[in-house]
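Student: Curious how this folds, go ahead:
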Amino acid sequence: MKLRAWLSYAAYGAVFLLSGCGAWNVLPYSPTPAANPLSGNWLLVGSLSNFGPSFAQVQAQSPFNLAVSLNVTGGKVTGYASTAFICTNPGGFFTASIGGEGGLVTTSIGADGSFELQSPVLGTGVPTVTFDVRGVVPQTAGATWSGTYTATDTNNGCTSTSGAFTAVPIMPVTGTYAATGILSSQGSSGSTPVTITATFRQGAVGVASTSTRVNSQNILNGNIAVQGSPCFSSGTINPMDGSVLGSFVQAEYTMNDGSELLVSGYIHDASVSAIELAGFVVSGGQCDKDFGFFGTSLVRQ
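Tutor: Residues are numbered from 1 along each chain as shown. Sure thing, here's the model as predicted:
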């Protein structure tokens, strides 16, 4: 059974996806250097630490966050974005992150290097969260770029915002990460202590660069080792089922007992020293519907 997690530009404060990792084998891997200096992961607005669930947080937060994973081929920009509006309920009793992740409207780069990024309008419905970003392609690889943005959220308690920004590069999600947490079974009060270790490798040669969700820049490969589970001990990310979408990381593994494991989380900082887990859920096998690792971070080793 395949698991897919698609967060639309709608409230994800109550939609928590899980993330996990584990031991690994050596996989064929050829990292692709960015063919265009705009290709890569970028934080545009806000702080990466503000992404993910944020109910009842009392610290000051940026009212809007935007991160993007961009890929440039043939003079066109494709990619995905993760967004979060920090909204307060009318009584001011709590705050919540409202937003999600989704594809960007494919856009062409002008002769002067200028381009525009927008959230898509899907179907006939009017999206509650929209944004528009205008910028200019950096001249050299690794250089920052600047622009302006406007963002609107029609949900209750959210305030539209606009301004200027300077994009900050987010390092590729590549390395070994580990976390210790618990797995719980649906309908059971019991829990199992589990340690997970994961390798991630972002980018690969030979992946079609189109307007689809996964391309040569944002594809994620790797393996996971799990200690403590009575059902499985290792798994490998399924082809084309791992990706970096702005600050959102998602990977679907086939485990060594035949089950599927969906892991997801949010990049914590621009150096990707940690990934805040938002989801870790099993489908199939003897541990079907096991879940856990809420409030846990995968830490780079």
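Student: what stretches of the stretch 201-301 of the chain score poorly on pLDDT?
Tutor: Applying pLDDT under 70 to the stretch 201-301 of the chain flags residues 209-211.
Student: all strands in it, in order from the N-terminus.
Tutor: 220-227, 234-245, 248-255, 260-267, 274-283, 291-292, 297-300 (DSSP state E, counting those that start in this stretch).
Student: Then the stretch 1-150 of the chain?
Tutor: Using DSSP E, counting those that start in this stretch, the strands of the stretch 1-150 of the chain run over 40-45, 64-73, 76-88, 95-103, 107-108, 114-118, 129-136, 146-153.
Student: Could you export stretch 252-264 as CSV, CA atoms only?
Tutor: Below are the C-alpha coordinates for stretch 252-264, written out as CSV (Å, rounded to 0.1, in the frame of the first residue of the first chain):
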residue,chain,number,x,y,z
GLU,A,252,8.7,6.8,1.7
TYR,A,253,10.6,3.6,2.4
THR,A,254,10.1,0.0,1.6
MET,A,255,11.0,-1.9,4.8
ASN,A,256,12.6,-5.3,5.0
ASP,A,257,9.3,-6.9,6.2
GLY,A,258,7.5,-5.5,3.1
SER,A,259,5.7,-2.7,4.8
GLU,A,260,5.9,1.0,3.8
LEU,A,261,7.2,3.7,6.1
LEU,A,262,6.4,7.3,5.5
VAL,A,263,8.7,9.8,7.2
SER,A,264,8.4,13.6,7.0
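Student: Quick check: buried residues in it?
Tutor: 252-255, 257, 259-264 (16 or more other Cβ atoms under 10 Å). All C-beta spots, glycine's among them, are computed from the backbone N, C-alpha and C.
Student: Then stretch 103-114?
Tutor: 103-104, 107, 109.
Student: what would those look like in TSV with pLDDT and distance to residue 242?
Tutor: As requested, the buried residues of stretch 103-114 are exported to TSV (pLDDT from 0 to 100; distance: Cβ to Cβ, whole Å):
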residue	pLDDT	distance to residue 242
103	89	17
104	92	19
107	94	25
109	96	27
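Student: and which of the residues you listed is nearest to residue 73?
Tutor: Nearest to residue 73 among the buried residues of stretch 103-114: residue 109, at 10.7 Å, using Cβ to Cβ.
Student: residues in contact with that closest one?
Tutor: Residues in contact with residue 109 (Cβ atoms under 8 Å, 6 or more residues apart in numbering) are 38, 72, 75-77, 115, 137.
Student: With residue 176 instead?
Tutor: For residue 176, the contacting residues are 197-199, 300-301, by Cβ under 8 Å, 6+ apart.
Student: Let me know which of the strands of the stretch 201-301 of the chain is the nearest to residue 207.
Tutor: Of all the strands of the stretch 201-301 of the chain, strand 234-245 comes closest under Cβ to Cβ, at 7.8 Å.
Student: Noted, bye for now.
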